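**Student:** Here's my sequence, what's the structure:
(2 chains)
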Amino acid sequence: MTMIHFEKFLLKNGLRVLVHRDTSTPMAVLNILYDVGARDESPEKTGFAHLFEHLMFGGSTNISDFETPLQLAGGENNAFTTNDLTNYYIQLPAENIETAFWLESDRMLSLAFDEKSLEVQRKVVSEEFKEHYINKPYGDVWFKMRELAYTVHPYRWMTIGKELSHIENAQLIDVKNFFYTHYRPANAVLVIAGNVQVESVYQLAEKWFGNIPSGKKYNRHLTPEPKQTKARKLEVRADVPLDALYKCYHMGARLDKDYHAVDLITEVLGSGDSSRLQQALVKEKKLFSNIECYHTGSTDAGLVVIEGKLIKGVSMEQAEIAIEEEITKTKTEKITDKELTKVKNKTESAILFEDMSVMNRATNLAMYELLGDANMMNTELEKYQAVTTEDILTASQQVFEHNNSNTLQYYSNN
Amino acid sequence: MLNRKIAPKITDAVAFNLVLPPYQKYILKNGVELYTVDLGAQDTLMLNWVFFAGNCYEEKNLVANATNYLLRNGTSKRNSFALNEHFEYYGAYLNRQCQNETAEISLHCLNKHVNELLPVVAELIADSTFPLEELEIYKKNMHQRLQVNLKKNDFVAGRLIEAYLFGKEHPYGKYSALEDYTFLQQEEIKDFYRKYYQNGRCIIFAAGKLPETLVKEIEHHFGSLNLHTSKKPEYNIQHIITPAVEKKYTVTNDPNGVQGAIRIARNFPNRHHPDFQKMQVLNNVFGGFFGSRLMENIREDKGYTYGIYSYLLNQIQESALLISTEAGSEVCQATIKEIYKEMRALCDEPIDEEELQTTRNFMIGTLLGDLDGPFHVAGRWKSILLNNLDENYFYNGINTIKTITPEELQALANKYLHPEEFFELVVT
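**Tutor:** Sure thing, here's the model as predicted:
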């Protein structure tokens, strides 16, 4: 696989800057990643990281209108928040890269903190909450599942917030405190990628970001989730057309040694139509109309998830037994060499397709840098390729322990 | 001293010279046209087999969809599992998609594996058997999936608005009822497959870092199949568009819902009409991106919604201008009022030069980003060719963006943006 080359430097205020040149594109991407996510919120004030992402577009201290100057420069932008991080990116013709520096550095310097902006974004986020979670069948699943699986760790609430009222009650003073705690150069990673020159990027970074006060480095002290010692179950009844089953199991953190083995287990079980769960439970036994297996991909210890919709007439018990059977197989027999090659090929393919886009490369470099080493961009594939069927067997036995399971039985009222 | 209040100098995107990289065209032994776009630095490939096998050719609801979906579910040599495993073993994605006029098979793979994959795709096109068991599973699972989707107001709104625009009998407007799945028969699917795939009209696209032997391999596997390029009589089906008479609709789908799905739409001519590309510019200002009139008013000022957009539908025979949003139930009527207000604003006031310049630069800048990479380029060519257009369409579009005047845009608004000519639907 071709190496993704990049250069890294550190500004005096602690801002990490990476540059990845790609002269095959006319575009440039500026990606800025802040080391703050929903996990950094207080339990009484959840949804802040995400609400804050919205507020970042409401004007900064010197620039009242973020969108128009960017559009004038031929650029587009977007952002997203997760439980772990908040990411902003701008893509625009490479000639106009300085506009991106101007915009992003000003809103790192200071937001405009406008009362009207907060009022509007509270409403917008409320509508987002309704659109994705209240007005959709099975929309409350992850609220309930997170609380079931996590008793202590902040992953127990969703990025959008634990409840609508937290967002509706957000105050400007909370917003200001949040900004000055987290949105500081010391807590950020800046990546510039595309048709750029390293030297000019360095100069632009110094020019626009250099004089922003570093702020205090945010030291995260989260209570780790204690090891789960007993299986947990929750029954829910709702006005949905079909019964659904959700099972999740605790796994290690992103940087744990067995991460890659666990990732491949989810591929073997649930990725693609020839995966074990698809073939056995949808095609052969006809117990589910669809079934998936994936993991949450979080930085701290995450969850392996198996979920599916039951065929009408199939009992929850039948469905559970069938899943247990497949899980037991992975714990007692090694997967075949053919399966192992398949999931490694799938991984290689997914990485290569993702890397086609300069925007994806920029975001991934930022995320790996936040994890501690941007060069993971080039070393992750070999870690996958080194996984053995023995590794998968061991990881499977650890993850799919019965006492490690959290089951949500979602019953249809109809 | 750094002055943060002054924006850095920019190069106006309208000054850029956009070029649509050309394709290479080959004609296979059976007359099938192959278009290739050889670009890119990664060892990735995309191949599309486009069949004229969309739902406009079916005699019964869902047959075209079912045929397209199930042709991956068994051949005389391999069963469904073996087929799935073959593609997945190589990390390849074999997808299919059924649309109105066309239905596609698409393959995404690493170019080192393509020679193992092409013969199996040929098998799907020549030798699919549509096993009864696979059909039964499909029927059951799709039925369940539709049950869940019908609970979603936005899903229901999407189907209804197109039925009003084009008529429930027209391929663009028709939608399936739950029972339609139970009526699907193996024989009619096999018939459809014989006619529109095995002996069907087909165009092939290939994009990426193309191996030297690719064209030869495609010729070898597909050049001798019964595919063709001609337009036999069965391809000349003309469906009549019959828009609904009634304009305003309120549908209750979820009594406990907290949001309504709003769809406001009017019929609009297709890409061949001179107004189409002009409307793309007007639409951009109106509701086509994050900084549009609709977004600035209804989301960023009033907070009624998480997102509101307007766009021209991607149909071949005839298009439509559609405004779409999910808004809080108690503010749906207020949202609709604001939408019409924004229409009137574009009719009454010409867009000022500054806003127009911003729109021009934004459209050109994003187009530049959109041409980045072989798959995007091939996608653009596919759209041009399937609409019976040529590269002039692309360059005319750019010219329109660069030169259209505020007066022309205002005239266009006055021609098309009359609230009473729009269908209005709220699904709560």
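**Student:** Just give the nearest non-adjacent residue to residue B:153, would you?
**Tutor:** The spatially closest residue to residue B:153, leaving aside those adjacent along the chain, is residue B:261, at 4.1 Å (CB to CB, 6 or more residues apart in numbering or on different chains). Placement of C-beta: from N, CA and C, glycine included.
**Student:** Count the neighbours of the spatially closest residue to residue A:141 that is not a sequence neighbour for me.
**Tutor:** Taking CB to CB, 6+ apart as the measure, residue A:141 lies nearest to residue A:246, with 6.1 Å between them; neighbours along the chain are not counted. Burial measure for residue A:246: 22 neighbouring residues, criterion other CB atoms under 10 Å in any protein chain shown.
**Student:** Over to the residue in the stretch 301-414 of chain A that chain B sits nearest to. Which of the three states is it?
**Tutor:** In the stretch 301-414 of chain A, the residue found nearest to chain B is residue A:349; the distance is 3.0 Å by CB to the nearest CB. Secondary structure for residue A:349, judged by DSSP: H, G, I helix; E, B strand; the rest coil, is helix.
**Student:** Show me where chain A dips below the pLDDT cut-off.
**Tutor:** Along chain A, the parts satisfying pLDDT under 70 run over A:1.
**Student:** Please repeat the previous calculation with a cut-off of 50.
**Tutor:** Per-residue confidence for chain A (pLDDT under 50) gives no ranges below the cut-off.
**Student:** Show the contacting residues for residue A:222.
**Tutor:** A:39, A:153-154, A:300 (CB atoms under 8 Å, 6 or more residues apart in numbering or on different chains).
**Student:** how far away is it from residue A:188?
**Tutor:** Computed as CB to CB, to the nearest Å, the residue A:222 to residue A:188 distance reads 20 Å.
**Student:** same deal with residue A:260?
**Tutor:** From residue A:260 over to residue A:188 the distance is 28 Å, taken as CB to CB.
**Student:** neighbour-wise, which of the two wins?
**Tutor:** Remark: of residue A:260 and residue A:188, residue A:188 carries more neighbours, 27 against 22, as counted by other CB under 10 Å.
**Student:** Next up, the contacts around the residue nearest to that one when sequence neighbours are not counted.
**Tutor:** Nearest in space to residue A:188, with sequence neighbours left out and distances taken as CB to CB, 6+ apart, is residue A:34 at 5.3 Å. Neighbouring residues of residue A:34 by CB under 8 Å, 6+ apart: A:85-88, A:182-183, A:187-188.
**Student:** Return the subset of these lying in helices.
**Tutor:** Judged by DSSP state H, the contacts of residue A:34 include residue A:182 as members of helices.
**Student:** Among the contacts of residue A:34, name the ones in strands.
**Tutor:** Secondary structure from DSSP state E places A:86-88, A:188 of the contacts of residue A:34 in strands.
**Student:** Of those - the most surrounded one?
**Tutor:** Using other CB under 10 Å as the contact criterion, the top neighbour count among the ones in strands among the contacts of residue A:34 goes to residue A:188, which has 27 neighbours.
**Student:** What segments of the stretch 51-200 of chain A are strands?
**Tutor:** Under the criterion DSSP state E, counting those that start in this stretch, the stretch 51-200 of chain A contains strands at A:76-81, A:86-93, A:188-194.
**Student:** what angle sits between the longest one and strand A:188-194?
**Tutor:** Put simply, strand A:86-93 runs at 20 degrees to strand A:188-194, going by axes from the mean of the first three to the mean of the last three CA atoms, to 10 degrees.
**Student:** So which other helices or strands are in contact with strand A:86-93?
**Tutor:** strand A:27-34, helix A:48-55, strand A:76-81, helix A:97-109, helix A:358-371, helix B:353-370 (3 or more CB pairs under 8 Å, 6 or more residues apart in numbering or on different chains; DSSP states H and E).
**Student:** Show me the chain divided up by domain.
**Tutor:** Because you didn't say which chain, this covers chain A. Chain A breaks down into these domains under automatic domain parsing: A:7-209, A:232-412.
**Student:** Please refer instead to chain B.
**Tutor:** Looking at automatic domain parsing, the domains of chain B come to B:24-235, B:248-427.
**Student:** Start and end of the first one, how far apart?
**Tutor:** Just to be clear, that refers to domain B:24-235. From its first residue to its last, domain B:24-235 covers 26 Å (CA to CA, to the nearest Å).
**Student:** What average pLDDT does that domain get?
**Tutor:** Along domain B:24-235, the predicted confidence averages to a pLDDT of 96.
**Student:** ok, and the closest non-adjacent residue to the residue of the stretch 51-200 of chain B found nearest chain A?
**Tutor:** The shortest separation between the stretch 51-200 of chain B and chain A is 3.0 Å, found at residue B:91 (distances taken as CB to the nearest CB). Distances taken as CB to CB, 6+ apart put residue A:349 closest to residue B:91, at 3.0 Å, once the chain neighbours are dropped.
**Student:** Grab the most central residue of the chain for me.
**Tutor:** Since no chain was named, I'll use chain A. Centrality entry for chain A: nearest residue to the mean C-alpha point is residue A:82, 4.9 Å, by CA atoms, centre = their mean.
**Student:** Chain B is the one I meant
**Tutor:** residue B:314 (5.3 Å).
**Student:** Would you agree it falls within a helix?
**Tutor:** No: according to three-state DSSP, the state of residue B:314 is coil, so it is not within a helix.
**Student:** Spit out the contact partners of it.
**Tutor:** Listed by CB under 8 Å, 6+ apart, the contact set of residue B:314 reads residue B:383.
**Student:** Same question for residue B:95.
**Tutor:** Contacts for residue B:95 were tallied using CB under 8 Å, 6+ apart; they are B:105-108.
**Student:** just those residues that are near chain A?
**Tutor:** With CB under 8 Å from any CB of the partner chain as the criterion, the members of those in contact with chain A are residue B:108.
**Student:** Mind checking which of the contacts of residue B:95 land in strands?
**Tutor:** Counted as lying in strands by DSSP E, out of those, are B:105-108.
**Student:** number of nearby residues for the residue of chain B found nearest chain A?
**Tutor:** Distances between chain B and chain A by CB to the nearest CB are smallest at residue B:365, namely 2.1 Å. Residues within reach of residue B:365, counting by other CB under 10 Å, total 28.
**Student:** For residue A:96, see how far away the nearest residue to it once chain neighbours are set aside is.
**Tutor:** Once its chain neighbours are removed from consideration, residue B:365 has its nearest residue in residue A:74; the separation is 2.1 Å (CB to CB, 6+ apart). Taking CB to CB as the criterion, residue A:74 is separated from residue A:96 by 6 Å.
**Student:** Report the set of residues contacting both of the two.
**Tutor:** By CB under 8 Å, 6+ apart, residue A:74 and residue A:96 have these common neighbours: B:10, B:13.
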